[in-house]
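**Student:** What follows is a predicted structure for the sequence shown.
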Amino acid sequence: MSSPALSSFDWAVMAGTIALIVVYGVYKTRSASKDLAGYLRGGDMRWYTIGLSVMATQASAITFLSTPGQAYEDGMRFVQFYFGLPIAMVILCARIVPVFHKLNVYTAYEYLESRFDLRTRLLTALLFLLQRGFSAGVTIYAPSIILSSALGWPLNLTNVVVGVIVIVYTVSGGTRAVSQTQKHQMIVIMGGMIAAFVYMLSRLPEGVAFGDALDIAGAAGRVNPVGFELDPKTRYTFWSGITGGLFVALAYFGTDQSQVQRYITGGSLSQSRLGLLFNGLLKVPMQAFILLIGVVLFSFYHFHPTPVFWNQPALARLKAKGSVALLDAETSYQNAERERRAAARALVAARDRGDTSAAAAARRRLVEHGAAMKAARVAAKAAIKRADPRTETEDADYIFIAFVMGFLPRGLIGLLLAVILSAAMSSTASELNALGTTTVVDFYKRVFRKDRDDKHYVLASKFFIVMWGVLAILFATLAALVDNLIQAVNILGSIFYGTVLGVFLVGMFLKHVRATPVFVAAIISQLVVVAVFLLSDVGFLWYNVIGCGLVVAVALALQGAMRSGARAS
């Protein structure tokens, strides 16, 4: 199964969309970049612009590239990651957003200096820069996989090209331009994904309905949106989502500057609150829909041939080397796939007849031959690793793009590539904008250059955006997959988010705790979370709970010890 070359129409659609985004961003910069407040904070945004901007910042290219592959291989369990998000939006609107509006902050970390001290502000800002700087590299790397696979370009060259486009767009546009552009990008993105889903359903064989597709996926354990297991090693459960996912959402939307910068642009407190509630209402259904695309794609491929390894350019290159083990694994895979295809058709026929016993037998054969295909894939990946140790064998991120390139009609291919690139540009623009803002406001302006004019700080902001963009490109060239891209970003965020959230919660709810206890608690908490990540198999969502809980507990203990010591003296 090979991907066709892009037609001239696809090129026109993709290039035209990207060019329109860049030109629109530059156009919106005309009045936004004249002073520091305009460039970094924008202002006077309506709630729907804020809501769509918040969603676009979170829903990067990784969401639309990696999530369908996640569902294809693991089902819909990942949706539980977002179960705590609506609750988090309510908490943020009630307690945190009013504080930011009252203080009229540029960054979330300014609040921590007013509550604690400068070193606490700088520590949390530094943790943000570390986490978001690496994440920006992954969000560049994600669409680069698409382009390098679709166009045959070297991956590192693609990283540089995509990164440079994003840097130009971000430097040219201030916060207001980013938010306004994201509003239109989000509409185009969802329109493109809906079009791909509808076309996928239309290409199911005659007589195979949506319900049949869900039954096929369900037989293989892919329709599994909710699980109540209590094992902390299980990544996605109702309990980890409603607790760990809640802490992630509180930390991400309440303390991550890339999101805070989206909603402090509200023209009023009510506009900011409505924007966040809009996100809380639509995010879970949107994520469930993207996962559903992957589930239906899994059933779709029960009726169409699939490769033993989804990175098809790499597969073709390695097959040319004549690896006997790889060729044998591919043959076993194809034989099992033919049997699975026959079982899928038998299941649909049995369902149409109402023959429950025949349907049950067909489901068992689906599972049996699916397991044989999985074993053949494991053998193929082992052979690939032996033939070329540098080849990344985690290939789930190539599944959706293989469908786009192999089955969508001309024009729609270009639209889907433009959709994913638009999402990458949108999310990365927010990240670089936030990285530049935090570097200037929390470090450069606060510590190193305190008495310069707005023109100086705007130029400094643009310089730091370029600097972080270049670093993101370097991170992208060194990126390695952890299961898949969306999990890599979430794991990286979870390592840092809990600690920062703990500091904010202490600041807002434990008024008697002073600066030194919370600063020491944050350092201890961060070291413990890193140790848990390196030395245990605990699911990453629990890092947020561990980090936040440790900061609160240790800060309370240290504050109590300091008070006891003061009384004793």
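**Tutor:** Alright, I've got the coordinates.
**Student:** For the rest of this, base every contact and every neighbour count on C-alpha atoms.
**Tutor:** Noted.
**Student:** Who are the packing partners of the top helix by length along the chain?
**Tutor:** For the chain, the longest helix by residue count, based on DSSP state H, is helix 118-151. If you count contacts as 3 or more CA pairs under 8 Å, 6 or more residues apart in numbering; DSSP states H and E, helix 118-151 packs onto helix 61-74, helix 110-115, helix 155-172, helix 412-438, helix 454-477, helix 485-509, helix 515-535.
**Student:** Of those, give the one that comes closest to S323.
**Tutor:** Closest to S323 of the helices and strands packed on helix 118-151, according to CA to CA: helix 155-172, at 23.8 Å.
**Student:** pLDDT on the closest one, on average?
**Tutor:** Averaged over helix 155-172, pLDDT sits at 80.
**Student:** Repeat that for stretch 433-449.
**Tutor:** For stretch 433-449, the mean pLDDT works out to 91.
**Student:** next SSE after the lowest-mean-pLDDT helix or strand in the chain?
**Tutor:** Ranking every helix and strand in the chain by mean pLDDT, DSSP states H and E puts helix 36-40 at the bottom, with a mean of 70. As assigned by DSSP states H and E, the chain's next helix or strand after helix 36-40 is helix 47-58.
**Student:** Which residues does that following helix contact?
**Tutor:** Under the criterion CA atoms under 8 Å, 6 or more residues apart in numbering, residues 179-180, 182-183, 185-186, 258-259, 262-263, 265-266, 271-279, 283, 423, 426-428, 430-431 lie in contact with helix 47-58.
**Student:** Just the buried residues of those.
**Tutor:** Buried subset of the contacts of helix 47-58 (neighbour count, 16 or more other CA atoms under 10 Å): 179-180, 182-183, 185-186, 258-259, 262-263, 265-266, 271-279, 283, 423, 426-428, 430-431.
**Student:** Now G266, what are its backbone angles?
**Tutor:** Dihedral pair for G266: phi -60, psi 140, per degrees, to the nearest 10.
**Student:** Verify the contact between it and V97 for me.
**Tutor:** No: the pair G266 / V97 is not scored as a contact, 10.5 Å apart, by CA atoms under 8 Å.
**Student:** Quick check: neighbours shared by the two?
**Tutor:** The contact sets of G266 and V97 overlap at S272 (CA under 8 Å, 6+ apart).
**Student:** give me the number of residues near the residue nearest to L412 when sequence neighbours are not counted?
**Tutor:** The shortest distance from L412 to any non-neighbouring residue, by CA to CA, 6 or more residues apart in numbering, is to D10 (7.3 Å). By other CA atoms under 10 Å, the residues close to D10 number 21.
**Student:** same question, the one 3 residues further on
**Tutor:** Using other CA under 10 Å, the number of residues around V13 comes to 21.
**Student:** and it, what element?
**Tutor:** Element membership for V13 (DSSP H and E) is helix 8-28.
**Student:** Kindly export that helix (C-alpha atoms) in CSV.
**Tutor:** Presented in CSV, the C-alpha positions along helix 8-28 are these (Å, rounded to 0.1, in the frame of the first residue of the first chain):
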residue,chain,number,x,y,z
SER,A,8,-0.9,20.2,-8.0
PHE,A,9,-4.4,20.9,-6.6
ASP,A,10,-3.3,19.4,-3.2
TRP,A,11,-0.2,21.6,-3.3
ALA,A,12,-2.3,24.6,-4.0
VAL,A,13,-4.7,23.9,-1.2
MET,A,14,-2.0,23.2,1.4
ALA,A,15,0.3,26.1,0.4
GLY,A,16,-2.5,28.5,0.0
THR,A,17,-3.8,27.8,3.4
ILE,A,18,-0.4,28.2,5.0
ALA,A,19,0.3,31.4,3.2
LEU,A,20,-3.1,32.8,4.2
ILE,A,21,-2.4,32.0,7.9
VAL,A,22,1.0,33.8,7.7
VAL,A,23,-0.4,36.8,5.8
TYR,A,24,-3.3,37.1,8.2
GLY,A,25,-1.0,36.9,11.2
VAL,A,26,1.1,39.7,9.8
TYR,A,27,-2.0,41.8,9.0
LYS,A,28,-3.3,41.5,12.5
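**Student:** still on that earlier bit, quick one: closest of the helices and strands packed on helix 118-151 to R351.
**Tutor:** Nearest to R351, of all the helices and strands packed on helix 118-151, is helix 61-74, at 22.8 Å by CA to CA.
**Student:** How far off centre is the closest one?
**Tutor:** Chain-centre distance of helix 61-74: 10 Å, with CA atoms, centre = their mean, to the nearest Å.
**Student:** Now do it: which elements does it pack against?
**Tutor:** Judged by 3+ CA pairs under 8 Å, 6+ apart, the packing partners of helix 61-74 are helix 118-151, helix 269-300, helix 399-407, helix 412-438, helix 485-509.
**Student:** Contacts only, for M76.
**Tutor:** Taking CA under 8 Å, 6+ apart, one finds R222, V223, N224, P225, A288, L291, L292, V295 in contact with M76.
**Student:** so the fourth one sits in a helix?
**Tutor:** Read that as P225. No: checked against DSSP: H, G, I helix; E, B strand; the rest coil, P225 lies outside a helix; its state is coil.
**Student:** what's the burial count for it?
**Tutor:** With other CA under 10 Å as criterion, P225 counts 17.
**Student:** Next: the first one.
**Tutor:** Using other CA under 10 Å, the number of residues around R222 comes to 25.
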